[in-house]
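here is my input; please provide its structure:
(2 chains)
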Amino acid sequence: KAGVTQTPRYLIKTRGQQVTLSCSPISGHRSVSWYQQTPGQGLQFLFEYFSETQRNKGNFPGRFSGRQFSNSRSEMNVSTLELGDSALYLCASSSGTGYLANTGELFFGEGSRLTVL
Amino acid sequence: AQTVTQSQPEMSVQEAETVTLSCTYDTSENNYYLFWYKQPPSRQMILVIRQEAYKQQNATENRFSVNFQKAAKSFSLKISDSQLGDTAMYFCAFMRNTGNQFYFGTGTSLTVIP
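Now for the predicted structure:
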């Protein structure tokens, strides 16, 4: 079974540009979450999608947005990039619904490393 | 709000020895889940062990075990017979029982010394 696939793996942008990152979850997983990982802050939750609906959203500005398609693939977009957006962006999928006992573990992709110059 | 604290940014252990990584969390929830994830250098994050808060028995997975103290809101990870492949960043994580939103600590970088 293929794991979580994230593209692109590395990218360099300049301030003010926008970027779109893609995530293909494990087949059959309907939940996709996005995290921002930086050395000082660790992993910060961005948002989670389940069956094309955003269920949870972290404390990030509106420049960060996402969506999920009917095949569970997800994209996240960051507009008007700032230097502080440089980070590793991790996508994770889960087979669980996240409610009570039906909670699956998170399966992570290798991440997309974004550098903003 | 939920917070997860890992107070040990870096640790080291001799190969074959035992090491314990600390984690505390803060929540007003009664039902939740706790996890330890491992992120090897330049590799993807994988689950090490999980614990349901309603279970009093501490979880164990081979050389990995936890000490879950619900009243103290403490969730430490013990690695026995440390191996070189255990060198990684370890993240403690909390999840409420509603939705797949995880709260992670800032991580502990563990180095196993041969």
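
CA only for contacts and neighbour counts going forward, please
OK.

let me see the contact set for the nearest residue to residue B:25 once chain neighbours are set aside.
Using C-alpha to C-alpha, 6 or more residues apart in numbering or on different chains and skipping residues adjacent in sequence, the residue nearest residue B:25 is residue B:4, 4.3 Å away. Residue B:4 is in contact with B:23, B:24, B:25, B:26, B:92, B:93, B:94, B:103, B:104, B:105, counting by C-alpha atoms under 8 Å, 6 or more residues apart in numbering or on different chains.

again, but for residue A:20
Counting by C-alpha under 8 Å, 6+ apart, residue A:20 has contacts A:75, A:76, A:77, A:78.

how about the contacts of residue B:4 in a markdown table, adding pLDDT and secondary structure?
Formatted as a markdown table, the contacts of residue B:4 follow (pLDDT from 0 to 100; DSSP: H, G, I helix; E, B strand; the rest coil):
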| residue | pLDDT | secondary structure |
| --- | --- | --- |
| B:23 | 97 | coil |
| B:24 | 97 | strand |
| B:25 | 96 | strand |
| B:26 | 94 | strand |
| B:92 | 96 | strand |
| B:93 | 94 | strand |
| B:94 | 92 | strand |
| B:103 | 91 | strand |
| B:104 | 93 | strand |
| B:105 | 94 | coil |
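
so which of those residues is the closest to residue A:36?
residue B:104 (11.0 Å; C-alpha to C-alpha).

neighbours around that closest one, how many?
27 (other C-alpha atoms under 10 Å in any protein chain shown).

next, count neighbours for the closest residue to it other than its chain neighbours.
In space, and not counting its chain neighbours, residue B:104 is closest to residue B:93: 4.3 Å by C-alpha to C-alpha, 6+ apart. Neighbourhood size, residue B:93 [other C-alpha under 10 Å]: 27.

and the strands in the chain, which stretches?
Reading this off chain A. A:5-7, A:10-13, A:19-24, A:31-38, A:42-50, A:53-57, A:64-68, A:74-78, A:87-94, A:107-108, A:112-116 (DSSP state E).

meant chain B actually
Along chain B, counting by DSSP E, strands occupy B:3-5, B:10-14, B:19-21, B:24-26, B:32-39, B:46-52, B:60-61, B:64-69, B:74-79, B:88-96, B:102-104, B:108-113.
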